[in-house]
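Q: Attaching a predicted model along with its sequence, questions to come.
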Amino acid sequence: MTIEHQETLRRSAYPPEWNVEFAPSTPLPEGYRAGRETIHLKSGAVLIEGGRPLSCDVVWEQDVPITLRDGVVIYTDVLRPAGQDEDLPAIVSWSSYGKSLPTPPPSGVLPENFSGLGKFEGADGAFWLAKGYALVNPDVRGVGRSGGDIHYWGSVDSHDGYDVIEWAASQSWSNGKVALYGASWLAISQWGIAATRPPHLAAIAPWNGIYDIYRTHMVWGGIPDPGFFDFINNILPAETGTTEQIGAMSVREPLLNDYWEDKTPDLSDVTVPAYVVVDGVTGLHSMGGPEAFRRLGSTQKWLRINNTQEWNDQYNEYYQNDVLRFFDRFLKDIDNGWEETPQVRACIINAGGEDFIDVPYTQWPVPETRYQELYLDAGQGALSTTAPAELSSARYPGVDGSTTFTIEFDEDTTLLGYMSVRLWVEAQDADDMDLFLLVEKLDADGNLLAPHLDMADSYPVSPPGAPGRLRVSLRELDRELSTDFLPVHTFRGNRKLSPGEIVPVDIGLTPRGYFIEAGQQLRLTVAGWNVRGTGVDVNGPDNPLVLGGRLAAETPRTENAGTHIIHSGPGYLSSLRVPVVSNPR
């Protein structure tokens, strides 16, 4: 979408012909802080038990009204270092999670690393205010006491963000430069807001944000997956109004259309400097983040792939200071040498050993990547660098079955980037197949080496390997978006299977960085169910979220039946393609 077209679409509501579903919002929780008030906090104050003390005096303006372009009034909190009434750049944390303070630390974050003076997944006041920044924490449209209805990203939400950025830049305390910052929802929203090109937006720092919400989450692989956001609907606080039912829309609108396209901004329109972070272990957002970075139009962009999870990484003192250098450069014009930072820094996960941290590269994907085909031998359950000479097949029950293929590495090998799979498949007693894939690392004896199980119980999705999925009837490739290393599908129409028909399907997997020692193995699982987690019950049988590596709230709406058959051999060269790079030193 061009900028000129965007200007004609300064929407405040979805087009009625989309018939977007809304339902009554979740009432405000007891104790939600609201009402016009100015609060003064002293340096050294502790707001949550064991929390990080404030490092400067703070002026906290609660429920400052902002009038959006359509007359709807929303409310924001503004936090400033006391005594600094001008020349402050602003950091906006944009989400529908509510702004009531103080907040507890996110799961996995030690209280001493977090003050509670920040929105969930947003900028923490104890760190940023003392560094000479103001924080703008809106209750976006429909949230808290703000007017209107809650929207899940898209043009309405993005242009609301435009309005608030321009409002922040016009305040008497502002230096005229504004940044967007935060994780998850707060990261996803940044793609769309930045694409509207607010004149005073100076930089973005999205921490682990889904991009192309249709393809990489809600209908990933063409399989509707409403569960996670059905759960999220229950934690978005609102005094009145309704909330968009994006989960229900994924079931009702399973093909790519204008509704979904509206939530996928053209990232070539994003030209501001960008500091992009992607989780290298967990799986909730890691499919879309690297693609967003690759498509950004900015000539000043930096990617960092961590080896933990977003919350732990976000409030780590070392990386907060890292993004501070980035913001200081582009919001305060401080010549601090930031441009010398490698464009890509990747953690190479070495499950069972020591990870390689912040390995520098010049581009993403890594330019010197050598893509290696590992061919499936269905009869042997094996992967090999040479194509099998014999035809064979593997079969499993489509509803709950699976099959695996493994290879042992004879030398130390580093995989970094995009894996993909080509499978020749057949459905017996069915006209479609939902395929779920997972690549994992094993030790020399074939035991799973799951990365960072210490993080598994601090995040909603247990650490997976490299997952992927596809509904076979939606196998048509988008020739414009697909690359040599990543197949992308059109998702515009179905091509069902005929009895006995064998077809090739190409499936992209979540980008990963793995170090595999000589003698260790790589395993590809192909399944008819969501084999996304590690299979390790890290929290115990009574945990409502993680059970056997599956997230209970995740409910892909599969249509599997009959038997799945995977073919290999001459004429049906099924393979796993892996990205090989030089071993880190």
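A: Ah, there it is.
Q: got the contact list for the residue lying closest to residue 127 once chain neighbours are set aside?
A: In space, and not counting its chain neighbours, residue 127 is closest to residue 320: 5.4 Å by CB to CB, 6 or more residues apart in numbering. (C-beta placed from N, C-alpha, C; glycine too.) For residue 320, the contact set (CB atoms under 8 Å, 6 or more residues apart in numbering) comprises 124, 127, 314.
Q: next one: residue 140
A: Going by CB under 8 Å, 6+ apart, residue 140 touches 74, 94, 95, 96, 146, 150, 157, 160, 161.
Q: Of those residues, which is the nearest to residue 439?
A: Distance to residue 439 across the contacts of residue 140 (CB to CB) is lowest for residue 95, with 31.8 Å.
Q: My read is that the closest one contacts residue 180, right?
A: No - taking contacts as CB atoms under 8 Å, residue 95 lies outside contact range of residue 180: 10.7 Å.
Q: Low-confidence stretches in the stretch 151-300 of the chain?
A: Under the criterion pLDDT under 70, no range of the stretch 151-300 of the chain is flagged.
Q: ranges for the strands of it?
A: Using DSSP state E, counting those that start in this stretch, the strands of the stretch 151-300 of the chain run over 174-183, 201-207, 237-238, 242-244, 274-278.
Q: Ok, which of these comes nearest residue 421?
A: Closest approach to residue 421 among the strands of the stretch 151-300 of the chain is made by strand 274-278 (20.9 Å; CB to CB).
Q: Just the element for residue 530, please.
A: Per DSSP states H and E: residue 530 is located in neither a helix nor a strand.
Q: right, and it touches residue 560 too?
A: No - if you go by CB under 8 Å, residue 530 and residue 560 don't touch, sitting 11.0 Å apart.
Q: Report how many residues lie close to residue 434.
A: 26 (other CB atoms under 10 Å).
Q: swap in the one 5 residues further on?
A: Using other CB under 10 Å as the criterion, residue 439 is surrounded by 25 other residues.
Q: before we move on, what about the one 3 residues further on?
A: Residues near residue 442, counting by other CB under 10 Å, number 19.
Q: Now do the spatially closest residue to it that is not a sequence neighbour against residue 447, distance only.
A: With sequence-adjacent residues excluded and distances taken as CB to CB, 6+ apart, residue 442 is closest to residue 521, at 4.0 Å. Distance check for residue 521 against residue 447: by CB to CB, to the nearest Å, it reads 9 Å.
Q: can you give me the strands for the stretch 401-550 of the chain?
A: Residue ranges of the strands in the stretch 401-550 of the chain, as given by DSSP E, counting those that start in this stretch, are 402-408, 413-417, 420-428, 434-442, 466-471, 503-508, 512-516, 521-527, 546-547, 550-551.
Q: Out of these, flag the one nearest residue 344.
A: strand 413-417 (9.5 Å).
Q: which outside residues touch that closest one?
A: With contacts defined as CB under 8 Å, 6+ apart, strand 413-417 is touched by 346, 348, 364-366, 369, 485, 511-516, 578-584.
Q: From the residues you listed, list just the buried residues.
A: Buried members of the contacts of strand 413-417, scored by 16 or more other CB atoms under 10 Å, are 346, 348, 364-366, 369, 485, 511-516, 578-581, 584.
Q: hang on, the earlier thing: okay, residue 95 and residue 180: which has more neighbours?
A: When neighbours are counted by other CB under 10 Å, residue 95 and residue 180 differ, and residue 180 comes out ahead with 28 against 25.
Q: re the thing from before, among the contacts of residue 140, name the buried ones.
A: Buried subset of the contacts of residue 140 (neighbour count, 16+ other CB under 10 Å): 74, 94, 95, 96, 146, 150, 157, 160, 161.
Q: now these in CSV, with distance to residue 222?
A: CSV is the format used below for the buried ones among the contacts of residue 140 (distance: CB to CB, whole Å):
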residue, distance to residue 222
74, 36
94, 29
95, 28
96, 27
146, 35
150, 27
157, 25
160, 30
161, 29
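Q: Out of those residues, list just those in helices.
A: Secondary structure from DSSP state H places 157, 160, 161 of these in helices.
Q: Closest one of those to residue 386?
A: For those, the nearest to residue 386 is residue 157 (50.9 Å; CB to CB).
Q: need the contact list for the nearest residue to the closest one once chain neighbours are set aside.
A: Nearest residue to residue 157 in three dimensions, chain neighbours excluded: residue 151, at 4.7 Å (CB to CB, 6+ apart). By CB under 8 Å, 6+ apart, the residues touching residue 151 are 14, 141, 142, 157, 244.
Q: number of nearby residues for the closest residue to the first one other than its chain neighbours?
A: This means residue 14. Of all residues not flanking residue 14 in the chain, residue 20 sits nearest, at 4.7 Å (CB to CB, 6+ apart). Residue 20: 23 surrounding residues under other CB under 10 Å.
Q: Likewise for residue 570?
A: 10.
Q: now stretch 277-295: how far from the chain's centre is it?
A: 5 Å (CA atoms, centre = their mean, to the nearest Å).
Q: how far does that stretch stretch from start to finish?
A: For stretch 277-295, the first-to-last residue distance is 15 Å (CA to CA, to the nearest Å).
Q: Show me which residues of that stretch are buried.
A: For stretch 277-295, using 16+ other CB under 10 Å, the buried residues are 277-295.
Q: swap in stretch 364-380?
A: Using 16+ other CB under 10 Å as the test for burial, stretch 364-380 gives 364, 365, 366, 369, 374, 375, 376, 377, 378.
Q: Check stretch 428-436 too.
A: Neighbour-count burial for stretch 428-436 flags 430, 431, 432, 433, 434, 435, 436 (criterion: 16+ other CB under 10 Å).
Q: which among these gets closest to residue 496?
A: Lowest distance from residue 496 to these (CB to CB) belongs to residue 431, with 4.3 Å.
Q: is it true that that closest one touches residue 500?
A: No - Residue 431 lies out of contact with residue 500 (CB under 8 Å); the separation is 11.5 Å.
Q: ok, back up a step: quick one: which of the ones in helices among the buried ones among the contacts of residue 140 is nearest residue 504?
A: Nearest to residue 504 among these: residue 157, at 38.5 Å, using CB to CB.
Q: ok, the closest one to residue 142 distance?
A: Between residue 157 and residue 142 the computed distance is 10 Å (CB to CB).
Q: now residue 89
A: 28 Å.
Q: And for residue 576?
A: 44 Å.
Q: go on, residue 154?
A: If you measure residue 154 against residue 142 using CB to CB, the figure is 13 Å.
Q: out of those two, which sits in the busier spot?
A: Remark: of residue 154 and residue 142, residue 142 carries more neighbours, 27 against 23, as counted by other CB under 10 Å.
Q: Leaving out sequence neighbours, find the closest residue to the more buried one.
A: Leaving aside its sequence neighbours, residue 142 sits nearest to residue 150 (CB to CB, 6+ apart; 3.6 Å).
Q: I'd say the one you found and residue 243 touch.
A: Yes - judged on CB under 8 Å, residue 150 makes contact with residue 243 at a distance of 4.2 Å.
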